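**Student:** okay, sequence plus prediction incoming.
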Amino acid sequence: MTQERGKVYLVGAGPGDVAYLTVKAYNLLTIAQVLVYDALIDAQLLQCVPDECLKLDVGKRGGKPSTTQAEINKLLVKHCQQGKQVVRLKSGDPLIFGRCTSEIEALKASGCDFELVPGISSALAAPLFAGIPLTDPVLSRTFAVLTAHEPELLDWEALSRLETLVILMGGQHLPEIIDQLMRHGRSHLTPIAIIRWAGTPEQQIWTGQLGNILEQTSELSLSPAVIVIGEVVGLRKYLQPENIYLDEIIRYSQAEPPNQSNPTPQPMLSNFPPSSSSPLPLTGKTILVTRSVAQSSQFSDRLIASGATVIEMPTLEIGPPSSWEALDNAIADLSDFDWLILTSSNGIDYFFERLIAQGKDTRALAGVKIAVVGEKTAHSLKQHSLQADFIPPNFVADSLVENFPDQLDGKKVLFPRVESGGREVLVKELTVKGAKVIEVAAYQSCCPNGIPPVAELALQNRKVDVITFASSKTVQFFCQLTNQIFSHDSDASQFLEGVCIASIGPQTSKTCHALFGRVDVEAQEYTLDGLTQALITWATNY
């Protein structure tokens, strides 16, 4: 049997955010068998590769242990010769300060097939994110891109005569860069901009002049950064919508990788803040959203629109129950029931799916009143062209019993619910009031097999500020999943120290108290909008 021929793709990842990955780069990631990636690669990109892909972090950061270039070359050759499809993922463009020459020479010497895939260089993207044009008919007819990794090797006399300079890897050498330019004739009034973590939610921008920029940035880490020097920096304030700087209004989502039917990732733009002096309330906060695998990302979108960086961590998988028998029998006898109680969108979806499977439609509910818990559940019901007869004032099951509009004595109630782990209290209280409650399993919820790499990295590196929970099950399964990460860590019980625990309502809070010992934020209105508002209030007072 002939071994499949391997190939190495030297791919540019762009400036960072998954939204700026090329379509070809994304498609290659989805079929990669081996991923060899650098330190500045956005962790979100790691979710684009198949689960079985071997991921090798060979990142190089100044002053930290890193894989040598010779070792990287050997890794690429080794996996290619094993017949693997290898993606060598580099920040920006692979041939702009990407150290690709050595890797290509090693691949060619070993007879390995390879291909270059371009990416958007941060040298071009960072000024754009900051609203700085690199060319202008009057102020900049030329610009030069350079690395200041070894500033002593540069011809500063020649560089000082150019209208616009774009400098990469210059954060640590900023004092020397400024000294050299001013010694060779550049005015201390020359505008300068420093763009750190361009195109990510952590983007920061400092502007000033050669003579005063060091005062603004002293004792700050300026890596990774792109430095722009020249009169075009002064155009920034004129090129923003309503003079609001881009870094104050644009936030990018840590969104899930796009599906095959729409392979081009799209940036998420936040709402404009009310004024340039009013930053978005959740700016600077990284929020981990626990949710079901198939749940929409509308909650994440709300948080992103308020300035947050969002990492999604599915903690629920929803599927059919172990048996349809009980639900099918109840549907066959629908006319015998007085009330149908639906407490979740999942229950609604599976109930109506089974109703149709039994050859019936909504007319079978003509004599049955419907009670739901919450506006979201009511909205799901409307998708089936039905209006709820009763929605309790507080969106919790307990409120449904307390405010029920009908005498329950002798009433027959159908309650399609999750197969296990549902609220026993609801059934008990309805029964106490005289109702005959028929519980049937409509769906099942279980714990996913693992944690997305980006969420795992964020938790391990303590980069999460807030974790949100919208149900007790998400709390329980979150603990189950994270126990797998920290099972060998003696400090595992302390990994949530300093992290805000946010709950959608009292029942979820009760589980948080049981498993975490605390709740820091609880929504006043037990909805996702209410939880969003509670987090905004918390962040404002933090």
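**Tutor:** On my side now, so go ahead. Since this is a predicted model, take the numbers as computed values, not measurements. Numbering: from 1, shown residues only.
**Student:** helices or strands up against the helix or strand containing residue 145?
**Tutor:** Secondary structure assigned from DSSP states H and E places residue 145 in strand 143-147. Other elements packing on strand 143-147 under the criterion 3 or more C-beta pairs under 8 Å, 6 or more residues apart in numbering; DSSP states H and E are strand 164-168. To be clear about C-beta, it is placed using only N, CA and C from the backbone, and glycine gets the same treatment.
**Student:** quick one: average pLDDT of the strand it packs on?
**Tutor:** For strand 164-168, mean pLDDT rounds to 96.
**Student:** and what of stretch 73-81?
**Tutor:** 96.
**Student:** alpha carbons of that stretch, in CSV - could you do that?
**Tutor:** C-alpha atoms of stretch 73-81 as CSV (Å, rounded to 0.1, in the frame of the first residue of the first chain):
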residue,chain,number,x,y,z
ASN,A,73,12.5,22.6,10.8
LYS,A,74,12.9,19.0,12.0
LEU,A,75,9.2,18.8,13.1
LEU,A,76,7.9,20.0,9.7
VAL,A,77,10.1,17.6,7.8
LYS,A,78,9.2,14.7,10.1
HIS,A,79,5.5,15.0,9.9
CYS,A,80,5.5,15.7,6.2
GLN,A,81,7.5,12.5,5.6
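**Student:** may I see the buried residues of that stretch?
**Tutor:** 73, 75, 76, 77, 79, 80 (16 or more other C-beta atoms under 10 Å).
**Student:** could you dump these into JSON lines with distance to residue 12 added?
**Tutor:** Below are the buried residues of stretch 73-81 laid out as JSON lines (distance: C-beta to C-beta, whole Å):
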{"residue": "73", "distance to residue 12": "19"}
{"residue": "75", "distance to residue 12": "19"}
{"residue": "76", "distance to residue 12": "16"}
{"residue": "77", "distance to residue 12": "21"}
{"residue": "79", "distance to residue 12": "20"}
{"residue": "80", "distance to residue 12": "19"}
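**Student:** now, which of the residues you listed sits nearest residue 540?
**Tutor:** residue 75 (48.0 Å; C-beta to C-beta).
**Student:** list the contacts of the closest one.
**Tutor:** 36, 56, 58 (C-beta atoms under 8 Å, 6 or more residues apart in numbering).
**Student:** can you pick the most crowded of those?
**Tutor:** Highest neighbour count within the contacts of residue 75: residue 36, with 23 neighbours (other C-beta atoms under 10 Å).
**Student:** in a strand, it, correct?
**Tutor:** Yes. Membership of residue 36 in a strand is supported by DSSP: H, G, I helix; E, B strand; the rest coil.
**Student:** show me what it is bridged to.
**Tutor:** residue 56, residue 88 (DSSP bridges).
**Student:** I'd say it and residue 90 touch.
**Tutor:** No. Counting by C-beta atoms under 8 Å, residue 36 sits too far from residue 90 to count as a contact (9.3 Å).
**Student:** could I get the buried residues of stretch 73-81 in TSV, plus columns for secondary structure and distance to residue 40?
**Tutor:** Below are the buried residues of stretch 73-81 laid out as TSV (DSSP: H, G, I helix; E, B strand; the rest coil; distance: C-beta to C-beta, whole Å):
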residue	secondary structure	distance to residue 40
73	helix	20
75	helix	18
76	helix	19
77	helix	24
79	helix	22
80	helix	24
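**Student:** average pLDDT across stretch 133-140?
**Tutor:** Stretch 133-140 comes out with an average pLDDT of 91.
**Student:** start and end of that stretch, how far apart?
**Tutor:** Using C-alpha to C-alpha, to the nearest Å, one end of stretch 133-140 lies 9 Å from the other.
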